[in-house]
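In: Pasting the sequence and the predicted model now:
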Amino acid sequence: MKILKCTLDDLDLIAEFAYTKNKIETERCRPFLANDSIEKIKVAYTRDIIEKERDILLMYDKDKLIGFTAFFWIPEDKYLQLIRGIYALNNYDLVASNFLNYFKENFRDYKMYTNNAKEHLNYNNFFLSRDFEQLEDAQLYKLEDYSNGFFSSKIDYLNQTNEDAIYLYMNKFIDEDTYWTTERLKNNLDKFIILGYFDKTIKGYIEAQIYKDNSIEICGLEAESKKIKSELMSALSKISDEKGFSSIFLYSERKDEIDIAKELNYKYYDSNICFMKQL
């Protein structure tokens, strides 16, 4: 067995491999869907090949490709993330074990995160058996219809006047496994939409990350009531409509947030299980 880094010469090979596996419910790797085209897969993997601090690893048995995985890393934070699962031709445990050993040898002391759909039992069972901590078992909803959006008078964008109150409120819900701490957010505000809900004092906030594909994802939502959460999500919908974002994604394990999402016309999109371990 040997592990090699992928180049653009390998693009057709891995795209066909992923396209075929994605048709099988128990082998599809998020964020790809079963009906995603080869062209869409190629675009995603081209980025992983050419961008700095992203890579795709190929595993060969003699001259036969038996698996591959894509990932990115942030050296200064010792952060490693598998971004498109692990594909294996047949022996999943063998392929995944070899990749995990590679990461342990080359990214010692990094925190490794990995996500996949709930239906991919081989993937999820593998990481559980290697003592990864399960951080999330969530549902993914997607909003493209913004007709229910409105902006309450009690909601305001993060600004110089309210930032201390918003950051202090956010810090109550941030733990050691949260990557986007308030300190990191302060240096990357162009990548986020952050709103606070104020009724004399702060009562809640919503945080959404802006992606290069013109979508946004809710990555922080805390409030004193379901009603406040609903108003924050509605405000984000209004903003998304006004700024021309293509869609909003919500990952959640919480019933109240899923109920609100359905009320706002979000549609069920996928499942997501997240694991983490320090290598």
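Out: Sure, I can see it.

In: any idea which helix is longest in the chain?
Out: helix 226-243 (DSSP state H).

In: who does that one touch, helix- and strand-wise?
Out: Here helix 226-243 touches strand 155-157, strand 192-199, strand 201-210, strand 215-223, strand 247-252, helix 255-263, going by 3 or more Cβ pairs under 8 Å, 6 or more residues apart in numbering; DSSP states H and E. Any C-beta I mention is one placed from the backbone N, CA and C, and that applies to glycine too.

In: Recalculate using a threshold of 6 Å.
Out: On a contact count with 3 or more Cβ pairs under 6 Å, 6 or more residues apart in numbering; DSSP states H and E, helix 226-243 meets strand 192-199, strand 201-210, helix 255-263.

In: Ok, which of these comes nearest residue 31?
Out: Minimum separation from residue 31 across these (Cβ to Cβ) falls at strand 201-210, 14.2 Å.

In: Sketch out the low-pLDDT regions of the stretch 151-279 of the chain for me.
Out: Along the stretch 151-279 of the chain, segments meeting pLDDT under 70 span 176-177.

In: circling back: what comes into contact with the longest helix of the chain?
Out: 146, 149-152, 155, 195, 197, 203-204, 206, 208, 223, 248, 256, 260 (Cβ atoms under 6 Å, 6 or more residues apart in numbering).

In: Same check on stretch 34-48?
Out: Stretch 34-48 is contacted from outside by 11, 15, 18-19, 22-23, 28, 54, 56, 70, using Cβ under 6 Å, 6+ apart.

In: could the helices and strands packed on helix 226-243 go into a markdown table alongside mean neighbour count and distance to residue 90?
Out: Formatted as a markdown table, the helices and strands packed on helix 226-243 follow (neighbours: other Cβ atoms under 10 Å; distance: least, Cβ to Cβ, whole Å):
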| stretch | mean neighbour count | distance to residue 90 |
| --- | --- | --- |
| strand 192-199 | 20 | 42 |
| strand 201-210 | 20 | 37 |
| helix 255-263 | 16 | 37 |
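
In: can you pull up the bridge partners for residue 55?
Out: With DSSP bridges as the criterion, residue 55 is bridged to residue 71.
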